[in-house]
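Asker: generate a structure from the sequence data that follows.
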Amino acid sequence: MEKTFKEIDVNSIDFEDAATFKKTSRIDSKSIEVSQEDQEIVTIIDGIEETRNTAHAGDRIITGPQGERYVIEEEKFEKLYEQNPESPEEFRSKGDVQAIHLTEDVSFEAPWGEQMHIEAGGVLVKNGDDIYGIEEKAFAQTYGRSDKDGNVFASLDEPLIEQRAKATAIGETSHLHDLEERKSYENDKILEAELDMGVSFEKEEDHISL
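Answerer: Here you go, the predicted structure:
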């Protein structure tokens with residue numbers, strides 16, 4: 001059965017209280033291709049087409065952690081990334097982004113004018129004036145939770161209870177709200193899976209402790 005994506009207007013979404021995240025993974029120069037001509041790049045993750053974009057001469061074509069390819073315009077790449085002084089073969093992120101967790105499959109117009117499809121569990125990211133989506137696994141593999149000063153204080157592959165403890169210790173209320181939403185989403189997924197398997201059970205108050 002073909003997956004249905006809900007059409008949304010990302011410009012109507014309020015990011016004011018959204019949690020901040022910083023890209024922790026480095027981009028190896030070997031995974032960066034400088035486009036020599038106009039060419040269409042299709043971003044595919046887990047067999048699902050996420051979006052299409054046109055790379056122009058000078059734009060960077062990046063290969064991500066899951067083999068997905070995406071385009072960053074030449075000027076934007078220079079604003080977003082810098083060469084890592086500790087490892088010249090790598091590029092590191094200069095700033096952080098705001099992100100909102102998605103609980104349903106959505107479709108919207110990306111900054112480059114094409115439709116983007118992001119499944120539930122992924123995020124909507126606000127990076128400067130641009131709003132786009134990142135798939136769940138790709139986001140968890142490349143970003144960490146950052147505080148108001150842009151310092152990463154928790155990895156997204158840590159248990160939610162540990163992320164919550166770290167956010168509580170430094171008073172990061174936006175991250176606490178984000179974690180509550182993720183907890184609720186994960187519990188709903190567990191319940192749905194158990195119902196799909198025909199398992200009879202008495203639902204506990206919390207499947208995932210925070």
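
Asker: helices and strands around the helix ranked longest in the chain, which ones?
Answerer: Counting residues, the longest helix found in the chain (DSSP state H) is helix 173-196. On a contact count with 3 or more CB pairs under 8 Å, 6 or more residues apart in numbering; DSSP states H and E, helix 173-196 meets strand 19-23, strand 96-101, helix 160-169. C-betas here are computed from N, CA, C, even on glycine.

Asker: where does the protein have its least confident helix or strand?
Answerer: Sorted by mean pLDDT, DSSP states H and E, the helices and strands of the chain end with helix 173-196, the least confident at a mean of 89.

Asker: circling back to that earlier point, may I have the longest helix of the chain exported as CSV, CA atoms only?
Answerer: Output of helix 173-196 as CSV, limited to C-alpha atoms (Å, rounded to 0.1, in the frame of the first residue of the first chain):
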residue,chain,number,x,y,z
THR,A,173,13.0,23.5,29.1
SER,A,174,12.7,23.4,25.4
HIS,A,175,14.5,20.1,25.3
LEU,A,176,12.4,18.7,28.2
HIS,A,177,9.3,19.5,26.1
ASP,A,178,10.8,17.8,23.0
LEU,A,179,11.7,14.7,25.1
GLU,A,180,8.2,14.5,26.5
GLU,A,181,6.8,14.5,22.9
ARG,A,182,9.3,11.9,21.8
LYS,A,183,8.4,9.7,24.8
SER,A,184,4.7,9.9,23.9
TYR,A,185,5.4,9.1,20.3
GLU,A,186,7.6,6.1,21.2
ASN,A,187,4.9,4.8,23.6
ASP,A,188,2.3,5.1,20.9
LYS,A,189,4.5,3.1,18.5
ILE,A,190,4.9,0.3,21.1
LEU,A,191,1.2,0.2,21.7
GLU,A,192,0.4,0.1,18.0
ALA,A,193,3.0,-2.7,17.4
GLU,A,194,1.5,-4.8,20.2
LEU,A,195,-2.0,-4.3,18.9
ASP,A,196,-0.9,-5.2,15.4
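
Asker: for the closest residue to residue 5 other than its chain neighbours, pull up the helix or strand it's in.
Answerer: With CB to CB, 6 or more residues apart in numbering as the criterion, residue 5 has its nearest non-adjacent residue at 3.8 Å, and that residue is residue 107. Element membership of residue 107, judged by DSSP states H and E, is strand 106-109.
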